[in-house]
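> got a structure for you, letters missing:
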């Protein structure tokens, strides 16, 4: 594969196409990341060796980026959640991303198109902590031109109930 083709994908070759079994495995692991190889194999009707090989291929291809727990933020002491939109100085994405990753409570960061440049999801202990994060931490970043805070009143995790692809 030519270097130019690999450079666009972060230096990795493109992922292989997924078949129905791969999608079933992904759906199962999204619902229960702790599922054993044996239970995955039984549910998708393949051998344990095949299930193990497929999961490893999905990891190697970067399709599966890791395994994590789904956390109820409120029960974990993070009672205030917000999406924060940011307008940033042109060409400052990399430095802004590094600073946002270091923020306490930041759980998702996306560079987007439209009326703003960055969408940030944060979870904080309460509204006072959220206010501190926005007014002191975010708005003091020299690359941040403006912010808008959208409070989250209720969340529903769709990954638990939906299929993949």
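That came in fine, so what should we check first? Owing to the predicted nature of the structure, the values given are computational and were not obtained by experimental measurement.

> alpha carbons only for contacts and neighbour counts from here, please
Fine.

> how about the residue of the chain positioned farthest from its centre, what does it touch?
Of all residues in the chain, residue 47 has its C-alpha farthest from the mean position, at 30.6 Å, by CA atoms, centre = their mean. Residue 47 makes contacts with residue 41, as judged by CA atoms under 8 Å, 6 or more residues apart in numbering.

> can you list phi and psi of the most centrally placed residue in the chain for me?
By CA atoms, centre = their mean, the mean C-alpha position of the chain lies nearest to residue 108, the distance being 5.8 Å. Phi and psi for residue 108, reported as degrees, to the nearest 10, are phi -150, psi 130.

> residues in a beta bridge with it, which ones?
Applying DSSP bridges to residue 108 yields these beta-bridge partners: residue 121.

> and the gap between it and residue 97?
11 Å (CA to CA, to the nearest Å).

> repeat for residue 64
With CA to CA as the criterion, residue 64 and residue 97 are 22 Å apart.

> and residue 149, by the same measure?
According to CA to CA, residue 149 and residue 97 sit 18 Å apart.

> ends of stretch 101-110, what's the gap?
Termini of stretch 101-110 sit 11 Å apart (CA to CA).

> got the buried residues for it?
For stretch 101-110, a neighbour-count test (16 or more other CA atoms under 10 Å) marks 105-106, 109 as buried.

> can you redo those as a markdown table with distance to residue 135 and pLDDT?
As requested, those are exported to a markdown table (distance: CA to CA, whole Å; pLDDT from 0 to 100):
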| residue | distance to residue 135 | pLDDT |
| --- | --- | --- |
| 105 | 15 | 91 |
| 106 | 15 | 94 |
| 109 | 18 | 97 |
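
> and of those, the nearest to residue 58?
The closest of the buried residues of stretch 101-110 to residue 58 turns out to be residue 109 (CA to CA; 23.7 Å).

> excluding its backbone neighbours, what's nearest that closest one?
Spatial nearest neighbour of residue 109, excluding adjacent residues (CA to CA, 6 or more residues apart in numbering): residue 120 at 4.7 Å.

> pretty sure that neighbour contacts residue 105?
No: between residue 120 and residue 105 there is no contact under CA atoms under 8 Å: 10.2 Å.

> just the helices in the protein please.
Assigned by DSSP state H, the chain shows helices spanning 3-7, 20-31, 37-44, 48-60, 93-101, 127-132.

> helices or strands up against the third one?
Judged by 3 or more CA pairs under 8 Å, 6 or more residues apart in numbering; DSSP states H and E, helix 37-44 is in contact with helix 20-31, helix 48-60.
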